[in-house]
Every structure is written in structure tokens, then in C-alpha cells.
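K.L.:
all I have is the shape, not the residue letters:
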């Protein structure tokens, strides 16, 4: 539970190179191990921008998204959603990285499950952060003269996966 402390404790764990083994543990054969790995990653990703960047650089996002896509257990899916949401709260680039990796439809799908309020809020927060990043991206495109392509791509992704209905339900 050392990473449940503060950014300093998370940084110590990062300094010891914990993300590479955690990435591997996301694919462990035992669900409880995968769940603990998600829990550690979600706590690290709740840190500062450099810590979020370290999580992204360690390439753990595909493992978190695989858990959202394939796992049966809602608790582990919820922990993965929290980690994704924490990463989305980093920078615009962090959020757009998640969009490019396919996080939006998976978070929208999670809304259709009977998950607890905390996990539901994490999924909604992650979706919100990605929508904001998409709006900033479109604004930057308009500023740079890309009028025809200056749409928030996140809105289209959410519409395409039936996310609007899932959010409304």
C-alpha cells in the first residue's frame, strides 16, 4: 500500500523501475494479481504530470484497455477505468493518446454494467477529459487553418460506439 501515500511515495516506486513488472502483471493468470497491478497503476497515475507520463511511457495503457475489454469482473474493470481516468487528467496529449489507443468506446461500454458509483464516476470523468482534449485539439486545428477537419473527433467516436445512449442511460 506504499503507493497509496502521496506523490513522493509513488516517485520512489517509479525510481525503482516498478512499471515494467506491473505491465507484465496486468497479464498474469490470476485475476487478483491483475487487480492489484491495476490498483498500483491507478495510484501512480493519480500523481503529477511526470508520473502520468512515466505510466504512458511504460506502455501500460494497452494492458489496462485489454482488462476493460476482456475481463469479466467489474471490480478489476473499475480499477482499470480509474487508472485510465487518472491518465486522462494529465495533459491534452495524455488524453489524446488514450483516444488513439481506443479508450473511449471501452469506457462507454463500461457504463452499461452494474458498477459502483465510484467506478461509474471514473469512467464518466475519463470520457469528459477526453472530450475536453478533443475540443482543444479541434480549436488548435481551427487556429492553424484546418477548417474542414476542425471537429472534435471524440464526439464522433462516442456517437459511433453508441456512447450517447449509454451516457444518457
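P.N.:
Looks like it came in fine. It should be emphasised that the depicted structure is a prediction, and the values quoted were computed from it without experimental measurement. Numbering: from 1, shown residues only.
K.L.:
tell me, how many residues neighbour the closest residue to residue 35 other than its chain neighbours?
P.N.:
Leaving out its chain neighbours, the residue that sits closest to residue 35 by CB to CB, 6 or more residues apart in numbering is residue 76, at 4.5 Å. Every residue, glycine included, has its C-beta placed from N, CA and C. Residue 76 has 21 neighbours, counted by other CB atoms under 10 Å.
K.L.:
who's in contact with residue 76?
P.N.:
31, 34-35, 38, 67 (CB atoms under 8 Å, 6 or more residues apart in numbering).
K.L.:
so which strand or helix has it?
P.N.:
helix 74-88 (DSSP states H and E).
K.L.:
report the buried residues of that helix.
P.N.:
The neighbour-count check on helix 74-88 (16 or more other CB atoms under 10 Å) flags 76-88 as buried.
K.L.:
quick one: contacts for residue 161?
P.N.:
For residue 161, counting by CB under 8 Å, 6+ apart, the contacting residues are 104-105, 108-109.
K.L.:
report pLDDT for the nearest residue to residue 103 once chain neighbours are set aside.
P.N.:
Closest residue to residue 103 apart from its sequence neighbours, by CB to CB, 6+ apart: residue 84 at 5.4 Å. Looking at residue 84, its pLDDT reads 98.
K.L.:
does residue 84 touch residue 63 like I think?
P.N.:
No. Residue 84 is beyond contact range of residue 63, at 11.1 Å (criterion: CB atoms under 8 Å).
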